[in-house]
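Engineer: Below is the structure, and that's it, no one-letter string:
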């Protein structure tokens, strides 16, 4: 799963811990860790939150593109 590596890379590139990202997602570190290891699939609501937080498209996180396009502002 492409998103597993992408969410880890985005987190590390932003110098964040799993705990910090888990707080952003309103979950705990153990649950978030399972997303990064593909033990659990990430819910769409968390994908949307990460896209907004990192300002990248869902296509980028999901591996459909290698260009991290910004998301349009509302």
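Structural biologist: Everything's here; your move. Since we're looking at a predicted model, the values are computed, not measured.
Engineer: what's the nearest residue to residue 66 if we skip its chain neighbours?
Structural biologist: The shortest distance from residue 66 to any non-neighbouring residue, by Cβ to Cβ, 6 or more residues apart in numbering, is to residue 60 (7.6 Å). Just so you know, the C-beta spots here come from the backbone N, C-alpha and C atoms, and that holds for glycine as well.
Engineer: what about that neighbour, which helix or strand?
Structural biologist: In the assignment (DSSP states H and E), residue 60 maps to helix 58-62.
Engineer: Pull out the buried positions in that helix.
Structural biologist: Within helix 58-62, the residues scored as buried using 16 or more other Cβ atoms under 10 Å are 58, 60, 61.
Engineer: likewise stretch 38-45?
Structural biologist: residue 42.
Engineer: Please state the offset of that stretch from the chain centre?
Structural biologist: Distance of stretch 38-45 from its chain centroid, counting by Cα atoms, centre = their mean, to the nearest Å, is 10 Å.
Engineer: cool, stretch 55-74 as well?
Structural biologist: For stretch 55-74, the distance to the chain centre is 11 Å (Cα atoms, centre = their mean).
Engineer: show me where pLDDT drops low in this structure?
Structural biologist: 1, 71-74 (pLDDT under 70).
Engineer: Verify the contact between residue 19 and residue 30 for me.
Structural biologist: No. Residue 19 lies out of contact with residue 30 (Cβ atoms under 8 Å); the separation is 9.8 Å.
Engineer: Tell me where this structure has strands.
Structural biologist: Counting by DSSP state E, the chain has no strands at all.
Engineer: Could you pull up the residues touching the residue nearest to residue 37 when sequence neighbours are not counted?
Structural biologist: Spatial nearest neighbour of residue 37, excluding adjacent residues (Cβ to Cβ, 6+ apart): residue 4 at 7.2 Å. Going by Cβ atoms under 8 Å, 6 or more residues apart in numbering, residue 4 touches 35, 36, 37, 38.
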